[in-house]
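In: The following comprises the amino acid sequence and a computationally predicted model.
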Amino acid sequence: MPFIRRQWTSKEADEWTREDTITVIISPLVYVLLMIGTALSMFAMWQGFVILGAGIILMLVMIWIINPKLSSVSEGYEKKQKGYIEDLDRAIKWEE
Amino acid sequence: MVHFAFLDWFWLVTFVLLMIGSGALFYRLGKRSEADFFLAGRGLPWWLPASSVYATHTATDTPMWVAGVVYKHGLAGLWYGFFAAWCAVSAFVSTKIFRRSLAYSQAEWQTLRYGGMPAELLRGWVAGWQVFLNMFILGWVGIAMGKVCHFLFGWPPWMGLTFFSTLCAVYVLAAGYWGVVMADFQQGIIAFIAIAFVSIWGMYAAGGPHAIVAKLHEMGLSNMLNPFSFSGFTGGDFPVAWFITMLVIGILGGLGMATAIDWFPEAQRIQSARTVKDASWCIWAGQALVVTRNALWAAAVLGFFVLYPGLTQVKDYEMAWFRLGFETLPVGMIGFFFAAIVAIHLSTISTHLNLGAVYITRDLYHHYINPKADQRRLVWVGRVGTVILLVGSFIFGSIMENITEWLIFALWIMAAGVWLPGILQVIWWRFNGWGYLTAWIFNLIFSWLVVWVLPAFGVIPHLRDYQQFWLLMFLGAIVFIPVTLLTKAESMDHLVKFYVMSRPVGWWGPVRREAERRGLLS
């Protein structure tokens, strides 16, 4: 099995896996790099361009890792959503 | 006072017509149902609610706030805006869980996660609190616009407050969330272009990027270009301990719900996305734009700093970005800049008008007063709720100077002691409604004691904000954890239903096993 898995059934995608862990670590880091990289790039500092570039690359890597899994989660869930919506009003009624 | 040429008026009038047009254009969609009026029918692609997240969190007072911290601390001041990091984690954890619950609001979610009396008490409390808070934010942001119009045109502040909020209410009343999100999309684009353009223009007015860097070196203030320039681990006015606390609040907060004040508007955007995937990306991208925008502002503020060093009054330097725009842009572009400020303003006002009305309509009227109300009536209640919020915001805005200190305290207690319970309710099956309710009540008590009463009587010293956070979290935990464990767990039927629908992460073993035993996880 590859280190990063990109084929999922919706049932498998509902489980927390390595891909989720990697994503939640990378994701705030991307925010940091975009923020600092943009600020320093505005001053035409080479460090800024490098950091901003790293942020964009890491963002693309993150999308590559997690997007197939998110697609599978969505696909599985949307099949049930209509039924859930119909059930929602009844489920949350405070009086029977 | 600023003089408007024909081209300036052209930009402003065109923009206002675009906004009103979006209300008229989506009027038919907005009035179809409660789901349309408040969630645009749950059918939006990710980039629409993402632009709404970005536009909503770009308010008239935001550039003032960013200018205040960056002028004082340099680029390190950017971290004050990094609480947004909760979205970086939430997008892939709690956003998915909340989207799958289908709850219209965080108040409604309480009744899906918890059951019985505590769930109802929590729903009523969260809804009431949010109606009040949205009214307060509308007043706060509205009076900031009043101040900008006073600065520009010499209008009395109430005129800027009432005129633009009323203008905004036109398309919110007509088209509900459809109007909000479509206008936000236009406003987001206009605002981002204006922020980038004015910031770059302002930097060149200050001599350009290299000249600003050189001048900061000459002034012996190179550290202002260092985003990690702290004043020590615990000492000084910007310590590492604050930074670590902020990272913990932001990043771990993403695992939970209602762990940040922004969770409430984001909840509406999450539910309006057409799929779980769209919900995740809308939150992630919207806040990525927010942190990037802060960086653009910060660079411009440092340009302002080298032009006007040594300002000591907050009211003088918090207008940095506005002054760069109005003092350096050529005639004809001032109107574009002002149109962008109006865009920034309306996007925030429209969101809070519609969001406050969600709680009035869905959580109070529909849930408690008239559960059998038809869709037409619910849409009308939504409109009445919007008007109530508008009028309330005028009252709040007009007395804001007097109540600000008290209300900032109210916002602070919202964040400190209920942050950990906000996480536990998502990741721990055994956490129950009594525990969460207790956390809210005792947080109110402990906050008063720790922040005001005990320091006033010399029982404890005046603590720094990050120290208050840890203390309030600890004090809350020694009450709500025993209460949780000493009261009954939520019923297994209720938990299984919640688990199967939402698939929360963390410690849900017993609930998962029960769901598997019932054959519900196929």
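Out: Sure, I can see it. Residues are numbered from 1 along each chain as shown, chains lettered A, B, ... in the order given.
In: Give the next helix or strand downstream of the worst-scoring helix or strand of chain B on mean pLDDT.
Out: Least confident helix or strand, chain B: helix B:400-416 with a mean of 62, by mean pLDDT, DSSP states H and E. Next in sequence after helix B:400-416, counting helices and strands by DSSP states H and E, comes helix B:419-427.
In: Quick check: residues of the stretch 301-450 of chain B near chain A?
Out: B:302, B:367-368, B:371 (C-beta under 8 Å from any C-beta of the partner chain). (Glycine included, C-beta is placed from N, CA and C.)
In: which of these are buried?
Out: B:302, B:367 (16 or more other C-beta atoms under 10 Å in any protein chain shown).
In: Tabulate the residues of the stretch 301-450 of chain B next to chain A (a markdown table), appending pLDDT and secondary structure.
Out: Formatted as a markdown table, these follow (pLDDT from 0 to 100; DSSP: H, G, I helix; E, B strand; the rest coil):
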| residue | pLDDT | secondary structure |
| --- | --- | --- |
| B:Leu302 | 97 | helix |
| B:His367 | 92 | helix |
| B:Tyr368 | 91 | helix |
| B:Pro371 | 90 | coil |
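In: could you dump the residues of the stretch 301-450 of chain B next to chain A to JSON lines with distance to B:Leu225?
Out: Shown next, in JSON lines, are these (distance: C-beta to C-beta, whole Å):
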{"residue": "B:Leu302", "distance to B:Leu225": "8"}
{"residue": "B:His367", "distance to B:Leu225": "52"}
{"residue": "B:Tyr368", "distance to B:Leu225": "55"}
{"residue": "B:Pro371", "distance to B:Leu225": "59"}
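In: Going along the chain, name the strands of the chain.
Out: This is for chain A. In chain A, no strands are defined using DSSP state E.
In: Residue numbers of it in contact with chain B?
Out: So chain A meets chain B at A:11, A:14, A:16, A:20, A:23-24, A:27-28, A:30-32, A:34-40, A:42-45, A:59, A:66-67, A:70-71, A:73-74, A:77-78, A:81, A:84-85, A:88, A:91-95 (C-beta under 8 Å from any C-beta).
In: Mind checking which of those are in helices?
Out: The helices, defined by DSSP state H, take in A:11, A:20, A:23-24, A:27-28, A:30-32, A:34-40, A:42, A:59, A:66-67, A:70-71, A:73-74, A:77-78, A:81, A:84-85, A:88, A:91 from those.
In: List only those of these flagged as buried.
Out: A:20, A:23-24, A:27-28, A:30-32, A:34-40, A:42, A:59, A:66, A:70-71, A:73-74, A:77, A:81, A:84, A:88.
In: OK, contacts around B:Cys87?
Out: B:53, B:95, B:254, B:262, B:266, B:283-284, B:286-287 (C-beta atoms under 8 Å, 6 or more residues apart in numbering or on different chains).
In: which of those residues has the weakest pLDDT?
Out: The lowest pLDDT within those belongs to B:Asp262, with 87.
In: hang on, isn't it packed against B:Gly81?
Out: No: counting by C-beta atoms under 8 Å, B:Asp262 sits too far from B:Gly81 to count as a contact (11.3 Å).
In: Quick check on these two: which one has the bigger neighbour count.
Out: B:Gly81 (23 against 20; other C-beta atoms under 10 Å in any protein chain shown).
In: Let me know the secondary structure of the more buried one.
Out: helix (DSSP: H, G, I helix; E, B strand; the rest coil).
In: wait, what's in contact with it?
Out: B:66, B:69, B:290-291, B:294.
In: and what of B:Ala288?
Out: A:30-31, A:34, A:59.
In: any idea how far A:Val73 is from A:Ile22?
Out: 16 Å (C-beta to C-beta, to the nearest Å).
In: for the lengthiest helix in chain B, what is the average pLDDT?
Out: Ranked by number of residues, the top helix in chain B under DSSP H is helix B:157-205. For helix B:157-205, the mean pLDDT works out to 93.
In: Residues of the stretch 151-300 of chain B that sit close to chain A?
Out: Residues of the stretch 151-300 of chain B lying near chain A (C-beta under 8 Å from any C-beta): B:199-200, B:203, B:209-210, B:212-213, B:225, B:227, B:250-251, B:254, B:275-278, B:280-281, B:284, B:287-288, B:291-292, B:294-296, B:298-299.
In: Can I get the buried part of these as one PyMOL selection?
Out: Only the buried members of these end up in this PyMOL selection, burial being decided by 16+ other C-beta under 10 Å:
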select buried, chain B and resi 199+200+203+209+212+213+225+227+250+251+254+275+276+277+278+280+281+284+287+288+291+292+294+295+296+298+299
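In: from the residues of the stretch 151-300 of chain B next to chain A, which ones fall inside helices?
Out: Per DSSP H, those map to helices at B:199-200, B:203, B:209-210, B:212-213, B:276-278, B:280-281, B:284, B:287-288, B:291-292, B:294-296, B:298-299.
In: ok, now which ones touch the residue lying closest to B:Pro118 once chain neighbours are set aside?
Out: Closest residue to B:Pro118 in three dimensions, ignoring its sequence neighbours and counting by C-beta to C-beta, 6 or more residues apart in numbering or on different chains: B:Gly433, at 2.9 Å. For B:Gly433, the contacting residues are B:110, B:113-119, B:121-122, B:490, by C-beta under 8 Å, 6+ apart.
In: and what of B:Val170?
Out: B:20, B:23.
In: State the distance from it to B:Thr60.
Out: 19 Å.
In: mind showing which ranges of chain A have poor pLDDT?
Out: By pLDDT under 70, the low-scoring segments of chain A are A:88-96.
In: how about a cut-off of 80?
Out: Applying pLDDT under 80 to chain A flags the ranges A:1, A:82-96.
In: Could you find the closest non-adjacent residue to the spatially most central residue of chain A?
Out: By C-alpha atoms, centre = their mean, chain A has its centre lying nearest to A:Ile66, at 5.4 Å. The spatially closest residue to A:Ile66, leaving aside those adjacent along the chain, is A:Thr23, at 4.4 Å (C-beta to C-beta, 6+ apart).
In: now B:Leu122
Out: In space, B:Leu122 is closest to B:Gln110, 4.0 Å off (C-beta to C-beta, 6+ apart).
In: Over to B:Arg269?
Out: B:Pro49 (3.9 Å).
In: List the residues that contact that neighbour.
Out: Counting by C-beta under 8 Å, 6+ apart, the residues that B:Pro49 touches are B:181, B:269-270, B:272-273, B:278-279, B:282, B:286.
In: Repeat the analysis, applying 6 Å as the threshold.
Out: Counting by C-beta atoms under 6 Å, 6 or more residues apart in numbering or on different chains, B:Pro49 makes contact with B:269, B:272-273, B:282.
In: between whichever strand or helix holds B:Leu216 and helix B:157-205, how many degrees?
Out: If you go by DSSP H and E, B:Leu216 is part of helix B:209-218. Computed with axes from the mean of the first three to the mean of the last three C-alpha atoms, to 10 degrees, the direction of helix B:209-218 lies at 90 degrees from that of helix B:157-205.
In: What average pLDDT does helix B:209-218 get?
Out: The model assigns helix B:209-218 a mean pLDDT of 97.
In: Can you name the next helix or strand after that helix?
Out: helix B:240-247.
In: Packing partners of the strand or helix carrying B:Ile97?
Out: Using DSSP H and E, B:Ile97 maps to helix B:94-101. On a contact count with 3 or more C-beta pairs under 6 Å, 6 or more residues apart in numbering or on different chains; DSSP states H and E, helix B:94-101 meets helix B:263-272, helix B:276-307, helix B:492-502.
In: who wins for proximity to B:His217 among the ones you listed?
Out: Among the helices and strands packed on helix B:94-101, the nearest to B:His217 by C-beta to C-beta is helix B:276-307 (10.6 Å).
In: returning to what we had before: how close does the residue nearest to B:Pro118 sit to chain A?
Out: Look at B:Gly433 and chain A: by C-beta to the nearest C-beta, to the nearest Å, they are 13 Å apart.
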